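Enquirer: I would like the atomic coordinates for the input below:
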Amino acid sequence: MRLRRILSILSAVILLIIGSAAGYFAISIPNDLRAEALLKEARSSLENDQRDEARDSLVRIVHEFPRTDAAATASHTLFRMADQDRKRLQDEIRLLTGQRIVDQRRLVQLEQKIGALEKKQIETVQAPPAAKPVVKKAAPKKTTPKKTTPKKTTRRKK
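Expert: Now for the predicted structure:
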């Protein structure tokens, strides 16, 4: 009797473990399948150079199905994409910096050429001044002093 009791308890525990494993797989397998389908969609988007759509699908996988293999793969792919974007931007910055330096040098050379041309133009425009004709001043007019007349008073005489 004691053996029966132990066997029944042991079988109950084993059945409980099997039931919970079956329940877990019943719940997780559809999630794995959906996550794998989204992962395939993201991969095809990447192959077609649609990085934004692929990124959206990968983020959705990570948020909706966090404990799946597809989520781990999606996380890894997102990190790789971010690293590739960072490297591409660094290369663009280097390229633009090099172009800026070349443009600055060209600008300095052009400014020097313009300055040299302006000096030449100023030298050719400024010919030596011709002698100015001498203009004789007319003798100043003689002025005659005005005669002064006594002022008339307007007072009445008494």
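
Enquirer: from here on, contacts and neighbour counts on C-alpha atoms
Expert: Noted.

Enquirer: helices along the protein, start to end?
Expert: Using DSSP state H, the helices found in the chain span residues 2-47, 51-64, 69-125.

Enquirer: can you list these in CSV and add mean pLDDT and mean neighbour count?
Expert: Converted to CSV, the helices of the chain look like this (pLDDT from 0 to 100; neighbours: other CA atoms under 10 Å):
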stretch, mean pLDDT, mean neighbour count
helix 2-47, 83, 14
helix 51-64, 93, 18
helix 69-125, 92, 13
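
Enquirer: out of those, flag the one nearest Thr143.
Expert: Proximity to Thr143 (CA to CA) singles out helix 69-125 among these, at 47.7 Å.

Enquirer: list the helices and strands the closest one packs on?
Expert: Contacts defined by 3 or more CA pairs under 8 Å, 6 or more residues apart in numbering; DSSP states H and E place helix 69-125 against helix 2-47, helix 51-64.

Enquirer: got the angle between it and helix 51-64?
Expert: 140 degrees (axes from the mean of the first three to the mean of the last three CA atoms, to 10 degrees).

Enquirer: one step back: need the helices and strands packed on helix 69-125 in JSON lines (columns: distance to Gly98).
Expert: Listed next are those as JSON lines, based on distance: least, CA to CA, whole Å:
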{"stretch": "helix 2-47", "distance to Gly98": "31"}
{"stretch": "helix 51-64", "distance to Gly98": "28"}
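
Enquirer: Leu107: which of those helices is closest?
Expert: Proximity to Leu107 (CA to CA) singles out helix 51-64 among the helices and strands packed on helix 69-125, at 38.7 Å.

Enquirer: about what we covered before: in TSV: the helices of the chain, plus distance to Thr143.
Expert: Shown next, in TSV, are these (distance: least, CA to CA, whole Å):
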stretch	distance to Thr143
helix 2-47	107
helix 51-64	101
helix 69-125	48
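
Enquirer: with adjacent residues omitted, what lies nearest to Pro66?
Expert: Leaving aside its sequence neighbours, Pro66 sits nearest to Ala72 (CA to CA, 6 or more residues apart in numbering; 7.8 Å).

Enquirer: and the one you found, how far from Ala12?
Expert: Applying CA to CA, to the nearest Å, the value for Ala72 to Ala12 is 35 Å.

Enquirer: so what's Ala70 up against?
Expert: Shown in contact with Ala70 (CA atoms under 8 Å, 6 or more residues apart in numbering): Asp32, Ala35, Glu36, Leu39, Ile61.

Enquirer: apply 6 Å and report the result again.
Expert: Residues near Ala70 by CA atoms under 6 Å, 6 or more residues apart in numbering: Ala35, Glu36.
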